[in-house]
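J.: Show me the folded form of this:
(one chain, ligands or ions: 2)
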Amino acid sequence: MGNEEFLKIDNVTKVYGKHNVLSNVTFSINEGEVIGLVGPNGAGKTTIMKIIVGLIRDYSGNVYLQGRNIRDKTKENRKNFGCVIEAPGFYPGLTGYENLKYFAKISGCEDEKEIDDIIKVLKIEDFMHKKVGKYSLGMKQRIGIAQAVLGKPDVLVLDEPTNGLDPNVVLEIRKFIKYVAQEKKIAVIISSHILSEIESMCEKVIFIKEGQIVDIVSLEQEKTVQNTIFVFKTKTPDRLIEFLKRNEITAQKDEACNVVANLEKYSIKGIFKMLEDSDISVEEVYKQKQSLEKRFMQTMEENEVE
Ligand SMILES: Nc1ncnc2c1ncn2[C@@H]1O[C@H](COP(=O)(O)OP(=O)(O)OP(=O)(O)O)[C@@H](O)[C@H]1O
Ligand SMILES: [Mg+2]
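T.: Numbers count the residues shown, from 1 in each chain. Ligands and ions are numbered 1, 2, ... in the order given. Now for the predicted structure:
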């Protein structure tokens, strides 16, 4: 327990009229963990995020931060979330720096060094003394993220933080998110439609569709499993499968009549040694790469609602 349950979303359901926008959503996040919320338009990503940070209060189920229900609106509880959901409300007539100073102050952070640090790590010095009213979309998004981490929240919630940003900036934001999670022990929840982006930042990905969680993938686990799956090209797939099964290796044929095997306990070298003594010839072997993208597409199709 303890760390496991740093933030717990417990059986959350949200209804608008007759429409179940979220149905029994349950997941949890560890301290300093980065999780991704992925799903198509209208899946319910923004709605979950709004519930987590307290922007929507009318829902069933519960959200606990370190064991405390966020419905108990104590002063401490309110300070625990930093978020960028939809456009943050900055003062257009003030510069970026003045805005940050103002937001820092109202979130209880009086330390200017803290502001300077965040500006530096996010690499947004260039436009800090320009008026926010003259900011581009990317500038607004980045100052939004800066504002969200001021006041040292326990949980940072970013709704599509890299939407519409150029690749260099996406890289900076990615680094920044890893930095706040690792160095400041902030739990981060990010949403996106773009899976590859989430993949590079998160330890865990939650797939959501039509208000329901359809899969939760731990990327660490995924990597180790993927490392042991090999594809064998052979003229005699059935015999190879037989052979592997005799050696307690799970294997099956794919659409192209190749043999896909999970080697787990064996090295590929070991398999070849064993095959040397048999009369099965293998023409080619490669590691199977099932991208999360493919899995995502499959998961979404499997869960097609009638
Ligand atoms: N205030 C509201 N009243 C009624 N329905 C709403 C309201 N807000 C959201 N919804 C509905 O809830 C569903 C989920 O919306 P939500 O914004 O959470 O999706 P999303 O996953 O963030 O989508 P996107 O990828 O487009 O941002 C949608 O069907 C939407 O129409
Ligand atoms: Mg959304």
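
J.: quick one: contacts of stretch 155-165?
T.: Outside stretch 155-165, the residues that touch it by C-beta atoms under 8 Å, 6 or more residues apart in numbering are 7, 29, 45-46, 49, 52-53, 65, 80-86, 137-138, 141, 145, 148-149, 169-170, 173-174, 177, 180, 186-194, 197. To be clear about C-beta, it is placed using only N, CA and C from the backbone, and glycine gets the same treatment.

J.: Return the subset of those residues lying in strands.
T.: Mapping the contacts of stretch 155-165 onto strands (DSSP state E) picks out 7, 29, 65, 81-84, 187-192.

J.: which among those gets closest to ligand 1?
T.: residue 191 (6.6 Å; C-beta to the nearest ligand atom).

J.: Could I get the contacting residues of that closest one?
T.: 36, 37, 38, 45, 46, 49, 158, 159, 160.

J.: make it 6 Å
T.: Neighbour list for residue 191: 37, 45, 159, 160 [criterion: C-beta atoms under 6 Å, 6 or more residues apart in numbering].

J.: contacts with ligand 1 among the contacts of stretch 155-165, please.
T.: Residues shared between these and the neighbourhood of ligand 1 are 45, 46, 193 [C-beta under 6 Å from any ligand atom].

J.: The first one reaches residue 36, doesn't it?
T.: Meaning residue 45. No - checked against C-beta atoms under 6 Å, the pair residue 45 and residue 36 is beyond contact range at 9.9 Å.

J.: distance of residue 196 from ligand 1?
T.: In this view, residue 196 and ligand 1 are 16 Å apart by C-beta to the nearest ligand atom, to the nearest Å.

J.: And the nearest residue to residue 125 once chain neighbours are set aside, how far from ligand 1?
T.: Leaving aside its sequence neighbours, residue 125 sits nearest to residue 119 (C-beta to C-beta, 6 or more residues apart in numbering; 5.8 Å). Using C-beta to the nearest ligand atom, residue 119 is found at 28 Å from ligand 1.

J.: does residue 119 sit in a helix, a strand or a coil?
T.: Following DSSP: H, G, I helix; E, B strand; the rest coil, we place residue 119 in the helix state.

J.: Could you check how many residues crowd around residue 274?
T.: Counted with other C-beta atoms under 10 Å, the neighbours of residue 274 add up to 16.

J.: follow-up on the earlier one: give me the buried entries from the ones next to ligand 1 among the contacts of stretch 155-165.
T.: For those, a burial check counting by 16 or more other C-beta atoms under 10 Å picks out 45, 46.

J.: The one residue in the stretch 51-200 of the chain that gets nearest to ligand 2 and ligand 1: what is the separation?
T.: With C-beta to the ion as the measure, residue 159 is the residue of the stretch 51-200 of the chain nearest to ligand 2, at 5.8 Å. In this view, residue 159 and ligand 1 are 7 Å apart by C-beta to the nearest ligand atom.

J.: Find the nearest non-adjacent residue to that residue, please.
T.: Residue 159's closest residue in space is residue 85 (C-beta to C-beta, 6+ apart), at 4.4 Å.

J.: Compare the contacts of residue 191 and tell me which has the most neighbours.
T.: residue 37 (27 neighbours).

J.: Give me the secondary structure label for that residue.
T.: Assigned state for residue 37: strand (three-state reduction, three-state DSSP).

J.: I'd assumed residue 45 was in contact with it.
T.: Yes - contact criterion C-beta under 6 Å: residue 37 and residue 45 qualify, at 4.9 Å.

J.: Would you mind giving me the confidence score for residue 302?
T.: pLDDT for residue 302: 69.

J.: Repeat that for residue 288.
T.: Per-residue pLDDT puts residue 288 at 79.

J.: and it, what does it touch?
T.: 229, 231.

J.: and it, how far is that from residue 138?
T.: Going from residue 288 to residue 138 by C-beta to C-beta, to the nearest Å gives 37 Å.
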